[in-house]
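Student: take a look and give me a structure for this.
(one chain, ligands or ions: 2)
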Amino acid sequence: MTRTARCCCGQLTITITADPVANAICHCDSCKRRTGSAFGWSVYVRDTDVGTVTGEATPYTVPTTPAATRTFCRRCGTTLFWKADIFPGMTGIAAGAFADAGMPAPTISASSDKRCAWVELPAGCFATP
Ligand SMILES: [Zn+2]
Ligand SMILES: [Zn+2]
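Tutor: Numbers count the residues shown, from 1 in each chain. Ligands and ions are numbered 1, 2, ... in the order given. This is a model prediction of the structure:
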């Protein structure tokens, strides 16, 4: 099944040609700042399952250890996809950017020690510290 994620203005898109191998939310400070929300919601796909990328993609390397290079739309500011050194061979994509593609609920909750007290996890979601 092909799914397409796109930025708010639509100039930057990324298509995946297979289901993600991981579907996770993360409560860390960096994910909160990236999204401006209570947590980040990400899917990871194998690089070989990334179809086409259209539009102008601007990279930003996050000075974390290990590092990650995020790709965003310079026009509207959406961070759409990224490469994280801890996940070689994988591409992370902002799951909410698949707004009309019916991405299933996340199964992993990372950085749970930073979870806002009012955030409830979906049934069956495995929480990691
Ligand atoms: Zn945009
Ligand atoms: Zn995070």
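Student: you'd agree residue 71 is up against residue 80?
Tutor: Yes: using Cβ atoms under 8 Å, residue 71 is in contact with residue 80, at 6.0 Å. (Each C-beta comes from the backbone N, C-alpha and C, glycine too.)
Student: now for the two: what residues contact both?
Tutor: 12, 57 (Cβ atoms under 8 Å, 6 or more residues apart in numbering).
Student: those helices in this protein, which residues are they?
Tutor: Ranges of helices in the chain, per DSSP state H, are 29-35.
Student: show me which residues of it are close to ligand 2?
Tutor: Proximity of the chain to ligand 2, by Cβ under 5 Å from the ion, involves residues 26, 28, 31.
Student: how about the nearest residue to the last one, chain neighbours excluded?
Tutor: If the residues on either side of it in the chain are set aside, residue 31 comes closest to residue 40, at 3.0 Å by Cβ to Cβ, 6 or more residues apart in numbering.
Student: got the contact list for the one you found?
Tutor: Per Cβ under 8 Å, 6+ apart, neighbours of residue 40: 25, 26, 28, 30, 31, 32, 34, 94.
Student: now the buried members of these.
Tutor: Buried residues within these, counting neighbours by 16 or more other Cβ atoms under 10 Å: 25, 26, 28, 31, 32, 34, 94.
Student: and which of those is nearest residue 110?
Tutor: residue 26 (4.2 Å; Cβ to Cβ).
Student: about what we covered before: TSV for the residues of the chain next to ligand 2, including distance to residue 98?
Tutor: Converted to TSV, those look like this (distance: Cβ to Cβ, whole Å):
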residue	distance to residue 98
26	17
28	21
31	17
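Student: from the residues you listed, which is closest to residue 13?
Tutor: Set against residue 13, the nearest of the residues of the chain next to ligand 2 by Cβ to Cβ is residue 31 (21.9 Å).
Student: before we move on, what's the pLDDT of the closest one?
Tutor: Residue 31 carries a pLDDT score of 93 in this model.
Student: from residue 73, how far out is it?
Tutor: Distance, residue 31 to residue 73, by Cβ to Cβ, to the nearest Å: 18 Å.
Student: cool, thanks, talk later.
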